[in-house]
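Engineer: Give me a 3D structure for the following:
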Amino acid sequence: MSDAAWNTADEPLIGERYALVTERIAGIPSEHLVPEIYQDYFEQLSVFLLKTADIYEKKTDGRLRERTLAQCEADQRELYRLFRPDCYETSYANPAYAARMFGQEAGQLLTLLCSEMEGCIAWAFQGRQQELTLLLELYVQVYNCLEEDGSSGRQLLPYTDCAGRVQQSGKNSLRAPVQIKEARDTVYWFFHDYSEIFVENQIRDMICPEDNFFIDIVMHADLSDLRYLYQYGLPASENDIGIASFMNRLPDEQIQAMADTYTEGYRIGFEAAGIDLSKKKTVELHFPIGFERMMRAAILNFEKLGLKPCVVREAVSSFANKGRMKRGIYSASVNRQYDFDHREDRAYYFDKSFVERRLEVLRTVFEQHKQEALAYAGPAVVEVFGEMPFSPEPCEGAIHYDEAQQQLNVWFASESGQITYRYIPGGERSYTIIAFPTPEIGDRFEDIFSETVKINTLNYRKYQMMQQRLIDVLDKAERVHIVGRGENHTDLTVSILPLEDSDTQTAFENCVADVNIPVGEVFTSPVLNGTNGILHVTEVFLNGLQYRNLEITFRDGMIDSYTCTNFASEEENRKYIKDNVLMHHDTLPMGEFAIGTNTAAYRMARTYGIADKLPILIAEKTGPHFAVGDTCYSHEEEVVRKNPDGKFIVAKENEVSAFRGEDPAKAYFNCHTDITIPYDELGAITAVCPDGTQTDIIRDGLFRVEGTEELNEPLRCEMK
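Structural biologist: Modelled structure (predicted):
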């Protein structure tokens, strides 16, 4: 298929195309034009797509808002039937099931198509006819490719199924190679040629505040009527409904206080970094549905700061890394195993030509919106925690990047990051992140929520003074030695940047409650040379995934080896870590060494038994943590930063990021993952001076530096 085949310039208006394609899909279930083995697949998906078309029609004529709560719930059950856990075992959205039914090659094609069609739900609810029409046309194009057509001269050839058995094609065959190749090419050209539309929409939604669908719901819906949760085109779960109901019961004063903590942290982030917020015009909001009362108050706060809100939706396509993480406006996952199984679907069409095309489009779109990009202040993020821990199962039929694609993906991330930072300079923006629990956390949800609010509003000045005591000791050290205790066998030495002038310089940032709420850490960018040893955690959750006995060995600050015990085979364990921690890189540097000081958060986690459910935002404050990937100052190394005591922070790069002037692709990895050792697994953190003098920062789970005794009160409660 040529590039011109997907060119929309000379085609009928999108409304006419939409009418034609929905009419075509309506006829598919009764046609029986594809091999019999495919018939059920296309019948099920056609019924699903016609349901999304029905939602779109109701959206455009206003009937969508008139649905009763029971109708909203019934529509949602029907729309997400193919993706729900209770149906997943025999769903075509399940790559393993599709492979069993169709063979590996056809199975991957059709399970990818099924997953992409989920995006029709979003576009139907938003009334975005263009995106909806393009997806529906893709579906019909693939269907046309798989039609049986004896008159075309297409020969149905023998093929090898996913078990390696040679099969004979025919009317009931799983696939015909020529047909599958045509269908695969159709998918490839769809993502290649529509890159301009997809990237344009992504960037516009991120930095242009006009006519935002989601903001309209937040600001104008009757939040006491929970039907509003079903207007987003996101799957409203019991969790989302529960948090919305709970928020509706909170007094206005508490809602305002939560919003103030969130927006004030954002403002202070600019102040602390010396960035002029008055030059900015937009703030990008990330939050889960159910938090609308708080977000409404926060939007009004941001407007007082001169900022208009922008919101993108959670990714609905492999093009935007669907299934990777919760960002934009989002809801609880319908099925986390489904998300995991499809997280690398982009590999199906990912090659150098696609990457070059997408980078070209990214430059063009940013150039078209460069004024809006300069006015973009950065993201303000609300995270939630409380979901049951999730450890995924491997899926035999899932699509994965091969080795060459992994390397290409690394290069693409680097290049796209450079383009983005060119138009949105890192030193001219900031961010903030705050987290709250959801009802799924358990019967004591309301108590945990109340405790979390307290933790988010701790007296940062008190922590600031105690953290300064730690920094005064750490700044004298040339290295820090960290060892575990009990079942934790961490034994790691971290090299610290030596100071040229200890009166005016510091190697550690005194982090209080601004961009990373809650308060509670001191951190540095380690010197890689001399940073050696083993980092081990018995259990940790990173980006929503569980790791058991995660062990990483560092040699001169770079990851040398890694393993865990999640899976039976070492190969699966290593792949799990490489895909989801190393982000396909062969190695990563230690980008951050930090000591968390929020012992109150640690005590809360132990009191309520929720340590395994804390987000990294809070978990990183409950012990020492080590980030693999870029430093905390990635792309902002030249920005002058001071601690509250007036000292300049000088440890902002390492031996890898120092290449940024010579070759940014070698300097940055576009990832940063924090791994925390909890206090109860910690034997000691010891500062070692150049003359060999040693000072314990923590020993046997307690802080030992004079002036930090108050931090031990929650820890001693734990010991009792």
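Engineer: I'd guess I241 is in a helix, am I close?
Structural biologist: Yes. Assigned with DSSP: H, G, I helix; E, B strand; the rest coil, I241 falls within a helix.
Engineer: who touches it in this structure?
Structural biologist: Counting by C-beta atoms under 8 Å, 6 or more residues apart in numbering, I241 makes contact with 226, 229, 290. (Glycine included, C-beta is placed from N, CA and C.)
Engineer: Can you verify my assumption that the last one contacts I243?
Structural biologist: It refers to G290. Yes. Contact criterion C-beta atoms under 8 Å: G290 and I243 qualify, at 3.7 Å.
Engineer: where do the contact lists of these two overlap?
Structural biologist: T438.
Engineer: ok, L702 - contacts?
Structural biologist: In this structure, L702 makes contact with 712, 715-716, judged by C-beta under 8 Å, 6+ apart.
Engineer: tell me which of the residues you listed is nearest to G107?
Structural biologist: G107 lies nearest to L715 out of the contacts of L702, by C-beta to C-beta, at 52.3 Å.
Engineer: where does the closest one land in three-state SS?
Structural biologist: Secondary structure, three-state DSSP: L715 is helix.
Engineer: Enumerate every residue touching it.
Structural biologist: 599, 602-603, 679, 701-703.
Engineer: One more: L223?
Structural biologist: L223 touches 244, 248, 292-293, 296, counting by C-beta under 8 Å, 6+ apart.
Engineer: Model confidence score at it, please.
Structural biologist: Note on L223: pLDDT of 97.
Engineer: try T282
Structural biologist: Note on T282: pLDDT of 97.
Engineer: Out of the contacts of L715, who's the most crowded?
Structural biologist: Ranked by the number of neighbours (other C-beta atoms under 10 Å), those place Y602 first, at 28 neighbours.
Engineer: SS state for that residue?
Structural biologist: helix.
Engineer: neighbours around the nearest residue to it once chain neighbours are set aside, how many?
Structural biologist: In space, and not counting its chain neighbours, Y602 is closest to T622: 4.0 Å by C-beta to C-beta, 6 or more residues apart in numbering. Neighbourhood size, T622 [other C-beta under 10 Å]: 28.
Engineer: name the element R204 belongs to?
Structural biologist: helix 195-207 (DSSP states H and E).
Engineer: Now that helix: average pLDDT?
Structural biologist: Helix 195-207 comes out at a mean pLDDT of 91.
Engineer: Redo the contacts of I241 as a markdown table? Include neighbour count, pLDDT and distance to T490.
Structural biologist: What follows is these, written out as a markdown table (neighbours: other C-beta atoms under 10 Å; pLDDT from 0 to 100; distance: C-beta to C-beta, whole Å):
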| residue | neighbour count | pLDDT | distance to T490 |
| --- | --- | --- | --- |
| L226 | 18 | 97 | 47 |
| L229 | 25 | 98 | 44 |
| G290 | 29 | 97 | 38 |
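Engineer: quick check, the residue nearest to Y602 in a strand?
Structural biologist: No. Under three-state DSSP, T622 falls outside any strand and is assigned coil.
Engineer: quick one: contacts for it?
Structural biologist: 596, 598-599, 601-602, 605, 611, 614, 676, 678-679.
Engineer: roughly how far apart are it and A667?
Structural biologist: Between T622 and A667 the computed distance is 31 Å (C-beta to C-beta, to the nearest Å).
Engineer: So which bits of stretch 411-425 are buried?
Structural biologist: Residues of stretch 411-425 classed as buried by neighbour count (16 or more other C-beta atoms under 10 Å): 412-421, 423-424.
Engineer: For this protein, give me the ranges with low pLDDT.
Structural biologist: The chain contains residues with pLDDT under 70 at 1-12, 149-176, 513-514, 717-720.
Engineer: Cheers, nothing more for now.
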